[in-house]
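Novice: Pasting the sequence and the predicted model now:
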Amino acid sequence: VPRFDPRSGLTRLETVEVTVDAADQRAGRAGRLGPGTCYRLWSEGAHRYLLPHRKPEILTADLAPLALELAAWGVTDLSELAWPTPPPSGPLAQAHDLLTQLGALENDRITDRGKAMLRLPTHPRLAHMLLEGQAEGIGGLAADIAALLEARDPLSRDAGADMRLRLDALRHARNGDRHGGDSRAVASILRVTKVWQRILRIDPPRTAGDPLDAGWLLANAYPERIAKGIDVAQGRFRLSNRRTARVELQDPLADENWLGVAQVGEAQGEGRIFLASPLDPEALPARMSQHDVLEWDTRAGELLARRETRIGGLL
């Protein structure tokens, strides 16, 4: 079944225990092809304890692709549509907020960028990143990142969180050199990158390039996960959505001031960063906003004014 993974912000296929209605449907599917007998590979007792029905996918799915499709149709009021199960309002609002940050929506109406994103067969996050990379001449790198994000990690768990290590493995494998990754996983990822190269008419990256390019691309796919270091000794970061997260203390990324974060999960009340890359915040002028702040200084007895530049919740 498709399941939304909050850690990666993408939807993946997951194997779950069958429900009664799904088991009955599969038996009926076999029966439509011809006469015969359907055998269940579990006991009658186990069958009685199965859940009776599948949960409607729309209640647990990532709604960003749906919201973009609806905007392309010109739908601005969801009550105009007859839903078997209406999409939940909270996740739908989050989807609209994300699409607005990606430049796909403006006042809940689809933009030219949104239409271009919809033409690419992938999640809006990755579509935006691919288009940005193509425009900046680093489309090959963006294709590698998109393929990596939709696949299982080709490196071992102790490899660290740096996305650039995965990109190096792909580049070495593409050039016929030793890469230190899982050969089957790397080969599968490279097949996907070739598809993107054909669709976008781009060349694969032959060199490592600018070490900050990967972080810039991740920031375009995950604008709410741009991270600023707040405690180097503990590897702690604050994200632009105001949450905090950390990398392992021994991870080289712990010393970075800014990161573009692709994967983050919950760990003891604070997020844990699983995949990220260093970032130069000055390369994100479109993400910056200026705010005038007025405060009364009780000691000095005067009004203080300052102008702050922020990326989301980050100063």
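Specialist: Sure, I can see it.
Novice: make it CA atoms for all contacts and neighbour counts henceforth
Specialist: Noted.
Novice: can you give me the strands for the stretch 51-200 of the chain?
Specialist: In the stretch 51-200 of the chain, the strands defined using DSSP state E, counting those that start in this stretch lie at 105-106, 109-110.
Novice: ranking those by burial, who's on top?
Specialist: Sort those by mean neighbour count, taking mean count of other C-alpha atoms under 10 Å, and strand 109-110 sits at the top with a mean of 21.
Novice: How far off centre is that one?
Specialist: 21 Å (C-alpha atoms, centre = their mean, to the nearest Å).
Novice: Describe which strands that strand pairs with in its sheet and in which direction.
Specialist: The strands beside strand 109-110 in its sheet (DSSP bridges) come out as strand 105-106 (antiparallel).
Novice: Averaged pLDDT, the strand it pairs with. What do you get?
Specialist: Regarding strand 105-106, the rounded mean pLDDT is 95.
Novice: For the protein, name the helix or strand with the lowest mean pLDDT.
Specialist: Using mean pLDDT, DSSP states H and E, strand 10-13 stands out as the lowest-scoring helix or strand of the chain, at a mean of 77.
Novice: now that one, how far from the chain's geometric center?
Specialist: On C-alpha atoms, centre = their mean, the centre of strand 10-13 falls 10 Å from the chain's centre.
Novice: coming back round to it: between the strands of the stretch 51-200 of the chain, which one is nearest to residue 303?
Specialist: Taking C-alpha to C-alpha, strand 105-106 is the member of these nearest to residue 303, at 36.9 Å.
Novice: pLDDT weak spots in the stretch 151-300 of the chain?
Specialist: Along the stretch 151-300 of the chain, the model assigns pLDDT under 70 to residues 267-269.
Novice: Dump the strands of the stretch 51-200 of the chain into a markdown table; add distance to residue 165 as well.
Specialist: Below are the strands of the stretch 51-200 of the chain laid out as a markdown table (distance: least, C-alpha to C-alpha, whole Å):
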| stretch | distance to residue 165 |
| --- | --- |
| strand 105-106 | 34 |
| strand 109-110 | 36 |
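Novice: To residue 247, which of the ones you listed lies closest?
Specialist: Residue 247 lies closest, by C-alpha to C-alpha, to one member of the strands of the stretch 51-200 of the chain: strand 105-106, at 32.7 Å.
Novice: before we move on, back to that, so after the least confident helix or strand of the chain, what's the next helix or strand?
Specialist: Once strand 10-13 ends, the next helix or strand along the chain (criterion: DSSP states H and E) is helix 20-33.
Novice: The closest residue to residue 306 other than its chain neighbours in helix, strand or coil?
Specialist: Counting by C-alpha to C-alpha, 6 or more residues apart in numbering, residue 306 lies nearest to residue 293, which is 5.4 Å off, once chain neighbours are set aside. Secondary structure, DSSP: H, G, I helix; E, B strand; the rest coil: residue 293 is strand.
Novice: Tell me the spacing between residue 293 and residue 285.
Specialist: Relative to residue 285, residue 293 is positioned 20 Å away (C-alpha to C-alpha, to the nearest Å).
Novice: same check, this time on residue 94
Specialist: Distance, residue 94 to residue 285, using C-alpha to C-alpha: 23 Å.
Novice: quick one, which of these two is more surrounded?
Specialist: Set residue 94 next to residue 285 and count neighbours by other C-alpha atoms under 10 Å: residue 94 wins out with 14 against 9.
Novice: Which pLDDT value does the model give the more buried one?
Specialist: So residue 94 comes in at 90 (pLDDT).
Novice: Compare the strands of the stretch 51-200 of the chain and give me the one nearest residue 170.
Specialist: That would be strand 105-106 among those, by C-alpha to C-alpha, at 33.6 Å.
Novice: Any idea how far apart the tips of stretch 56-76 sit?
Specialist: The first and final residues of stretch 56-76 sit 23 Å from each other (C-alpha to C-alpha).
Novice: List the contacts of residue 239.
Specialist: Neighbouring residues of residue 239 by C-alpha atoms under 8 Å, 6 or more residues apart in numbering: 224-228, 245, 313-314.
Novice: So which of the residues you listed belong to strands?
Specialist: Among the contacts of residue 239, the members found in strands (DSSP state E) are 226-228, 245.
Novice: Out of those, flag the one nearest to residue 137.
Specialist: Within the ones in strands among the contacts of residue 239, proximity to residue 137 (C-alpha to C-alpha) peaks at residue 226, which comes in at 22.0 Å.
Novice: In this structure, which helix is the longest?
Specialist: helix 183-200 (DSSP state H).
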